[in-house]
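Student: Next input, structure requested:
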Amino acid sequence: MKIATAAYPLDWLDSWAQYEDKLAAWVEDAADQGSELLVFPEYAAMELSTLEGPEVAGDLQASISAVSERMEAVAELHRGLAAAHGVHILGASAPVHAGFALPVNRAEFYSPCGKRDHQDKQIMTMFEREPWEIGAGGPLKLFDTALGKIGVLICYDSEFPLLGRALAEADILLMPSCTEALAGYWRVRIGAMSRALETQCVTVQSSIVGPAPWSTSVALNTGTGGIFGPPDTGFPATGVLAEGTLDQPGWTFAEVDLQSIANVRAQGVVRNRNHWPEQEQRIKTSRILLKR
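Tutor: Below you'll find the predicted structure:
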């Protein structure tokens, strides 16, 4: 299959039709190049707050509520595009009021047959805890699709190996991100590459790029798209299948063969995924005194 992962700029939107046109153009571009799986970034839906004007877009809590209220319309738009182009889409994540004590950071996943489900972020960053006041939502899920088994670890979640291990049956892990600084981008990228190594799977990072001066929450964004695998049999020695140019908007593409994932798990030079349980036998430590 061919995967497309986005380095996505946030725009000021003067109308819903403008957003429809933007999203349709992005999906059409990826589909025309043969992509079957499209991955948008974390919090890229925040641009929808601009539809309510500068006062709302510039107010953190008001912008969260404004975006949440738009997400059902956003879902219908994505479902239509996924069906029209015959693609699977991980939509841009958004803060959503979904019956929890706090809004959750939710990414919706759409199949070309019209089905839809979602993944909520598990562990909040410091800025999500305060001042955003975003909380954890529902549990991790494994999506069984025509493209293989797919899991989602939203941004910070990619940096926690036990979350990746919980999705060890996944062939592909999607990691939509929103990172202000270069260090943040690299933390998620290192997490993505580490999860690919440990789980012997393919990981896909997407990013918001560029400034959004109208926002107090996503005003500065650094990153690019990247697609990674284990640096082992059947994959590049670097583990990098494809990477975009830093902060340059557009799609990054890579061809991924599910059989290569099965092969490296069965016949790779190392067997990280299978040998993971052996750690439990080795983590007991002894304290040795080497000082007077």
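Student: Any figure for the gap between residue 270 and residue 264?
Tutor: 9 Å (CB to CB, to the nearest Å). The C-beta positions use only the backbone N, C-alpha and C, and glycine is treated the same way.
Student: Please enumerate the shared neighbours of these two.
Tutor: With CB atoms under 8 Å, 6 or more residues apart in numbering applied, the overlap between the contact sets of residue 270 and residue 264 consists of residue 232.
Student: if you count what's nearby, which of those two comes out ahead?
Tutor: residue 264 (23 against 14; other CB atoms under 10 Å).
Student: Contacts made by the strand or helix carrying that one with the rest, please.
Tutor: Per DSSP states H and E: residue 264 is located in helix 258-267. Residues from elsewhere that reach helix 258-267, judged by CB under 8 Å, 6+ apart: 1, 147-148, 171, 200-202, 229-230, 232-235, 271, 273-274.
Student: Kindly recompute the last result at 10 Å.
Tutor: Helix 258-267 has contacts (CB atoms under 10 Å, 6 or more residues apart in numbering) with 1, 147-149, 168, 170-172, 196, 199-202, 229-235, 257, 270-274.
Student: What residues sit buried inside the helix or strand just after it?
Tutor: Reading on from helix 258-267 to the C-terminus, the next helix or strand found by DSSP H and E is helix 272-275. For helix 272-275, a neighbour-count test (16 or more other CB atoms under 10 Å) marks 272, 273 as buried.
Student: which residues are contacting the helix or strand that helix 272-275 is followed by?
Tutor: Sequence order places helix 279-282 as the next helix or strand after helix 272-275, per DSSP H and E. Applying CB under 10 Å, 6+ apart, helix 279-282 has no contact partners.
Student: Please tell me how far helix 279-282 is from the chain's geometric centre.
Tutor: Here helix 279-282 is found 31 Å from its chain centre; the criterion is CA atoms, centre = their mean, to the nearest Å.
Student: What helix or strand is residue 5 located in?
Tutor: Going by DSSP H and E, residue 5 is part of strand 2-9.
Student: Hmm, residue 54 is touching residue 216, no?
Tutor: No. Under the criterion of CB atoms under 10 Å, residue 54 makes no contact with residue 216, lying 11.4 Å away.
Student: Understood, closing this out.
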